[in-house]
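1. Model the structure of this input:
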Amino acid sequence: MDMHRPRESAVAIAGGLRRHPWLSLLGLILVGLAILILLWDWNWFKGPIERQVEARTGREFDIGGNLDVDLDWTTPTIRADRLRFGNAKWSKQPTMASADRVEFRIEVWPLLRRQVRIPDLRLTRPVLHLEMGPQRIGNWKFGKGGETDTQFAQLRIDGGKLTFVDAAARTDIAADVSSQRTHEKAGSSVVVEGGGHWKGNRFRVEGTAESPLALRDRQRPYHVDAHATAGATKAHARGTLTDPILLRDFDLQLALSGQDMADLYPLIGIVTPNTPPYKLDGRLTREANGPNGYIWHYDNFRGVVGDSDLAGDASVATGGARPDLHADIASKRLDFDDLAGFIGKAPHAGDGESTNARFAAQTASDRAKTRLLPDRPYELDKLRAMDADVRYKAHRINAPKWPLDNMETHLRLENGLLRLEPLNFGVAGGQVRSIVRMDARESPIRTRARIDASGLNLRQLVPDVKLAQDAIGRLGGKVNLAGTGNSIALMLGSSDGDVAVGMGRGQISNLMMELAGIDVAETLKFIVRGDRKVPIRCAFGDFAVENGVMKARSLAFDTTDTIILGEGTISLRDETLRLKLRPRPKDRSLISLRAPLWIDGTFKDPEFHPDYGRIGLRGALAVVLGNIAPPAALLATLELGPGKDSSCGGRYAK
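-> Purely as a prediction, here's the structure:
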């Protein structure tokens with residue numbers, strides 16, 4: 001071994017240092033930096049960082065764990081553990097945001113241009129608590145924005161939690177948020193699942209949304225696809241939001257379904273009557289309406305309510321004294337009993353008809369009652385909670401028990417005053433036009449109705465009466481009623497006014513008229529020889545209504561064969577009938593047990609029968625005369641035909 005070689009090397013190095021002093025100094029510095037970096041405790045920077053954040057935001061900020069840096073001359077990686085960001089001073093919750101770990105890469109050279117480029121950000125078990133505070137200011141409002149241009153490329157969230165509380169609106173939401181495992185590219189979407197209370201009503205939500213990084217660009221639409229349920233009500237929203245933090249603009253396709261549209265009231269403040277199960281799908285958008293309001297549009301929606309189709313456009317304006325609903329809707333086919341909720345009744349539940357548990361229970365209750373008129377009271381607070389202007393048209397009506405053809409109405413509701421102007425129906429080939437006014441600004445409700453009917457086809461009005469199949473004639477009438485009460489039954493039971501119906505010339509089965517008068521001889525003749533039509537001269541009924549009782553002022557049905565005169569009352573208050581009809585033939589008959597006919601009983605169980613006492617008296621007299629002389633028995637049943645024509649002029653509505 002050469003013992004002189006190390007000494008020669010040292011001499012050579014010393015000579016080199018003397019020849020290149022600056023390079024030698026740089027080398028020593030780099031070596032020193034390398035040693036410093038390897039041994040440096042990055043936690044020294046925690047204090048300055050915490051103070052800088054607090055100065056900019058006015059909130060507490062601390063890094064409770066380690067701060068570490070993996071150096072790279074272009075994109076070093078920075079990790080910080082157990083971070084906590086303080087909440088607004090007015091909040092009872094001390095922490096607004098926290099995370100077990102925040103890890104990100106940052107590009108070095110753009111920092112020289114005051115640009116922050118973070119190609120990758122990863123949050124481990126982050127928790128974000130959003131809260132609406134006094135003066136409707138959120139806890140996310142703090143500090144002032146800086147001038148630094150910051151851009152993120154990719155965000156990963158592992159096991160995140162998001163909460164939102166708005167105590168004044170009785171709303172609290174808690175959701176789990178995580179990035180989708182199948183997407184590793186920039187802008188990967190997140191999965192959200194959670195629930196809570198919305199305006200005091202429990203709900204659940206789940207869905208997907210774009211990466212939260214997309215929220216920084218308030219002009220760029222943010223894509224969402226979410227399902228929510230609140231009780232039996234379900235919603236599916238898919239589409240875009242612009243600036244979703246402030247909910248500035250919407251363009252969503254929104255599907256709604258549930259057991260009863262009335263369940264929407266506590267959720268969104270929109271009042272509807274009780275309905276059968278429904279399913280709708282339409283486009284939801286929003287626009288500003290003054291400084292404090294919005295107009296929500298639900299356009300081109302289509303679907304079903306019960307067994308009826310429904311389509312149209314609707315909008316709700318907020319920012320005024322009350323929500324204001326405007327809608328233009330239509331049905332190609334309306335199942336008429338789907339409207340039963342408007343008057344406090346339940347739709348028919350048999351034969352495959354759509355219904356819900358609430359209506360099924362109400363149907364069972366109604367069947368047990370002895371009365372027919374709806375007695376369920378209107379909820380005055382709901383009638384006063386919203387304004388509305390709604391136009392509705394049904395092109396065809398399915399109503400097996402009613403000869404209804406179509407329907408058209410214009411509903412207006414303002415501060416508890418409801419008007420149906422008009423409420424029109426096509427009925428039996430004719431028209432029923434009405435105007436209804438319900439004033440719910442005070443209790444009880446004051447109601448006034450004016451109804452005009454014209455051109456109603458007699459045969460179509462009684463399609464199930466076989467002897468009326470060949471009847472010819474058209475009916476009309478007028479109804480003017482005013483009453484007070486918070487249900488249909490109370491309104492009618494307290495009403496005053498007039499009811500008049502009438503019919504001009506027509507034809508009806510002669511057999512029916514003879515049966516009405518219990519003319520045995522004439523009835524047998526028509527059964528053997530065949531029926532024929534009898535001309536109707538006129539028919540009319542004129543009733544005065546006082547305190548819910550209709551009293552006949554005049555009542556007649558006049559044909560060339562028989563005139564039937566009537567008298568009596570119809571009680572809307574007690575739901576009872578007491579009408580006496582007296583047939584008067586215009587011909588002679590040998591065998592007639594002609595006697596008054598009674599229409600009595602209740603609305604739910606009416607009865608139509610002859611005066612059995614009068615028939616029995618005639619029969620007994622015939623027996624006595626028959627014992628004297630058999631031909632004399634016919635005297636008791638002989639009808640000499642004293643009936644005279646009525647004065648039809650001006651008695652009926654054409």
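
2. all contacts plus neighbour counts: C-alpha atoms, from now on.
-> OK.

3. Isn't Q151 up against R117?
-> Yes - Q151 is within contact range of R117, at 5.1 Å (criterion: C-alpha atoms under 8 Å).

4. who's in contact with the helix or strand hosting E50?
-> Taking DSSP states H and E as the criterion, E50 maps to helix 46-57. Helix 46-57 is contacted by residues 59-63, 67, 142-144 when judged by C-alpha atoms under 8 Å, 6 or more residues apart in numbering.

5. From these, list just the buried residues.
-> Neighbour counting by 16 or more other C-alpha atoms under 10 Å classes 59-63, 67 among the contacts of helix 46-57 as buried.

6. I figured L383 was touching G416, is that so?
-> Yes - the pair L383 and G416 qualifies as a contact (C-alpha under 8 Å) at a distance of 5.1 Å.

7. shared neighbours of the two, which are they?
-> Shared contacts of L383 and G416, counting by C-alpha under 8 Å, 6+ apart, come down to A440.

8. returning to what we had before: so Q151 and R117 - more neighbours on which side?
-> R117 (19 against 13; other C-alpha atoms under 10 Å).

9. which residues does that one contact?
-> 106-107, 110-111, 150-152 are the contacts of R117 under C-alpha under 8 Å, 6+ apart.

10. where's it relative to A340, distance?
-> 63 Å (C-alpha to C-alpha, to the nearest Å).

11. Please apply the same query to A388.
-> To A340, A388 is 20 Å away according to C-alpha to C-alpha.

12. just L417 next, same as before
-> Taken as C-alpha to C-alpha, the span from L417 to A340 is 21 Å.

13. Ok, V191 next?
-> 42 Å.

14. neighbour count winner among the two?
-> More crowded of V191 and A340, by other C-alpha under 10 Å: V191, with 20 against 17.

15. which element is the more buried one on?
-> Judged by DSSP H and E, V191 forms part of strand 190-198.

16. Distance from the chain centre to the very next helix or strand once past that strand, please.
-> Following strand 190-198 in sequence order, the next helix or strand is strand 201-209 (DSSP H and E). Centroid separation for strand 201-209 versus its chain: 20 Å, with C-alpha atoms, centre = their mean, to the nearest Å.

17. helix or strand right after strand 201-209?
-> strand 222-230.

18. and that next one, C-alpha only, in CSV?
-> C-alpha atoms of strand 222-230 as CSV (Å, rounded to 0.1, in the frame of the first residue of the first chain):
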residue,chain,number,x,y,z
TYR,A,222,-72.7,21.6,-11.8
HIS,A,223,-74.1,18.1,-12.5
VAL,A,224,-76.1,16.2,-10.0
ASP,A,225,-78.2,13.1,-9.9
ALA,A,226,-80.0,12.6,-6.6
HIS,A,227,-82.9,10.6,-5.1
ALA,A,228,-84.7,11.8,-2.0
THR,A,229,-87.6,10.4,0.1
ALA,A,230,-89.7,12.1,2.8
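
19. Touching it from outside, list them.
-> 201-210, 214-215, 234-244.

20. The very next helix or strand once past that strand - which strands sit beside it in the sheet, and in what orientation?
-> Counting by DSSP H and E, the next helix or strand C-terminal to strand 222-230 is strand 233-242. Strand pairing for strand 233-242, determined by DSSP bridges: strand 222-230 (antiparallel), strand 249-258 (antiparallel).

21. Strand 233-242 relative to strand 201-209, how many degrees between them?
-> Orientation check (axes from the mean of the first three to the mean of the last three C-alpha atoms, to 10 degrees): strand 233-242 against strand 201-209 gives 40 degrees.
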